[in-house]
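>>> Got a sequence here, can you build the structure:
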Amino acid sequence: MVDFELTSEQEMIRKTAREFVEKHVEPNVEAWEEEGSIPDEVVLEAGKLGLLGAPISEEYGGSGLDALTYAMMTEEVGRGCSSLRTTFSVNTSLFGNNIQMFGTEEQKQRYLPKICTGEKRGAWALTEHDSGSDAKAMTTTATPQDDGYVINGRKMWISDGDRADYIVVFARVGEKGSPYDPRNKEENLACFVVETERDGFSTGTVMGKGKLGLRASHTAELVFDDCWIPEENLIGDTGDGWDIANAILQKGRLSVAAGAVGIAQAAYDASVDYANDREAFGRRIGDFQLVREHLAYMHQQIETSRLLVWKAAWMSDQGLDNAQAVSTAKLHAAEAVMDVTERAVQVHGGNGYSNEYPVERYFRDAKICGIYEGTNEIHKVLIGGMALDQA
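Here you go, the predicted structure:
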């Protein structure tokens with residue numbers, strides 16, 4: 001049965017998220033963009049409201065939300081500030097889910113409660129300088145030593161990497177500098193938690209407002225130089241790394257797709273308001289046919305994107321294989337948000353090119369949705385491959 005009526009709990013969560021955005025985010029987001037960071041107090045406030053650890057089980061300090069409700073909440077946060085939505089996603093969709101789904105009971109008790117409150121931050125490190133889409137080609141190594149592992153290597157483009165207290169790190173178990181077999185890239189890949197206070201860990205280049213978009217979100221290079229961690233920090237077993245990464249990527253991709261819907265919705269709302277208020281040739285610009293065509297197309301793209309996100313989330317809640325649905329939602333939402341925000345700038349005319357109006361920020365923030373958590377091209381390959389496998 002298909003039922004689009006939201007439960008009272010879903011309505012309450014969406015209302016809580018929207019009020020949080022209206023009170024704590026929208027009045028401050030432009031200042032955060034200028035400063036290149038988001039105050040810790042905002043993240044802590046989200047933790048108090050139960051938004052930060054929303055999908056984490058209540059026994060570990062979260063709110064225990066289902067995937068569909070979490071997607072709705074994520075859309076609301078993305079509508080207010082995509083940089084803040086990124087912090088939510090890496091802390092919860094990536095780090096939190098990684099520990100909850102694959103960690104030991106001791107690891108769950110150790111890491112999850114504090115990331116749900118915002119007292120501690122989590123991040124997730126897979127990408128390297130030379131292995132973005134080809135993530136299996138990572139060269140970071142974890143060498144067994146003294147009842148633990150010594151990690152050496154560098155990770156790149158890690159959101160909140162310099163702000164995090166705990167980071168999930170993927171590495172190849174073997175000697176430092178040991179080559180991998182390109183015929184079996186998954187061999188010996190493993191997943192670890194690294195506490196950032198450990199000797200041998202540091203951050204290299206950190207980018208904030210120097211990026212095209214997400215200027216209030218920090219993106220860091222992580223450096224591991226003989227960084228020793230105990231064996232208890234291994235998540236799963238050696239060789240499980242890629243299966244873990246792939247499972248968690250599904251969570252992150254759905255979060256990005258929901259956030260993209262939020263950006264598109266904000267751009268649409270701003271365009272409707274502008275089309276109602278702005279006048280040209282003696283009448284409001286919303287009366288012009290081609291402006292209405294822009295608005296109609298934007299509405300269509302948002303509705304289809306949202307439905308695809310909801311379907312993928314619903315499948316997750318039903319325990320169904322939603323890999324193709326997630327890739328479809330991510331690809332469509334990433335392409336749609338670029339179309340919608342570009343049209344929003346066009347509706348605003350010259351004003352849309354100025355940061356005096358928020359559509360300029362929406363347009364910049366939209367681009368990353370088609371790059372991280374799998375580029376649009378990667379998702380086309382994945383969707384096509386799954387279609388062939390199902391034939």
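>>> mind listing the strands in the stretch 101-250 of the chain by residue range?
In the stretch 101-250 of the chain, the segments counted as strands under DSSP state E, counting those that start in this stretch are 122-125, 141-144, 148-159, 166-173, 189-195, 201-207, 219-230, 234-235.
>>> Give the pairing partners of the third one; include direction for each.
Strand 148-159 has these partner strands in its sheet, going by DSSP bridges: strand 141-144 (antiparallel), strand 219-230 (antiparallel).
>>> Pull the residues that contact stretch 377-391.
With contact meaning Cβ atoms under 8 Å, 6 or more residues apart in numbering, stretch 377-391 is reached by S133, A323, Q324, S327, T328, K330, L331, A334, G374. Where C-beta positions appear, they are placed from N, C-alpha and C, glycine not excepted.
>>> Would you enumerate the residues in contact with the fifth one?
The neighbours of T328, taking Cβ under 8 Å, 6+ apart as the test, are L308, A312, H379, I383.
>>> Check the third one too.
Q324 sits next to L382, I383, M386, A387 when contact means Cβ under 8 Å, 6+ apart.
>>> pretty sure it belongs to a helix, no?
Yes: assessed with DSSP: H, G, I helix; E, B strand; the rest coil, Q324 lies in a helix.
>>> hmm, back to that, just the buried ones from the contacts of Q324?
Neighbour counting with 16 or more other Cβ atoms under 10 Å marks L382, I383, M386 as buried within those.
>>> So which of the strands of the stretch 101-250 of the chain is the most surrounded?
strand 122-125 (a mean of 28; mean count of other Cβ atoms under 10 Å).
>>> okay, the contacts of T328 in CSV with distance to L234 next?
Below are the contacts of T328 laid out as CSV (distance: Cβ to Cβ, whole Å):
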residue, distance to L234
L308, 36
A312, 30
H379, 30
I383, 33
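>>> for the stretch 51-200 of the chain, what are the low-confidence residue spans?
179-185 (pLDDT under 70).
>>> How is the protein divided into domains?
With domains defined by automatic domain parsing, the chain comprises 8-120, 123-239, 243-390.
>>> For burial, what's the neighbour tally of N276?
12 (other Cβ atoms under 10 Å).
>>> re earlier: for the contacts of T328, which one is nearest G174?
H379 (30.8 Å; Cβ to Cβ).
>>> tell me which element that closest one falls in.
Assessed by DSSP states H and E, H379 sits inside helix 376-390.
>>> In that helix, which residues are buried?
With burial defined by 16+ other Cβ under 10 Å, the residues of helix 376-390 counted as buried are N376, I378, H379, L382, I383, M386.
>>> Likewise for stretch 230-248?
For stretch 230-248, the neighbour count (16+ other Cβ under 10 Å) marks N233, L234, I235, G236, T238, D240, G241, W242, I244, A245, I248 as buried.
>>> And for stretch 299-308?
If you call a residue buried by 16+ other Cβ under 10 Å, then stretch 299-308 has these buried ones: Q301, I302, S305, R306, L308.
>>> One more: stretch 104-122?
Going by 16+ other Cβ under 10 Å, stretch 104-122 has these buried residues: 107-108, 110-118, 120-122.
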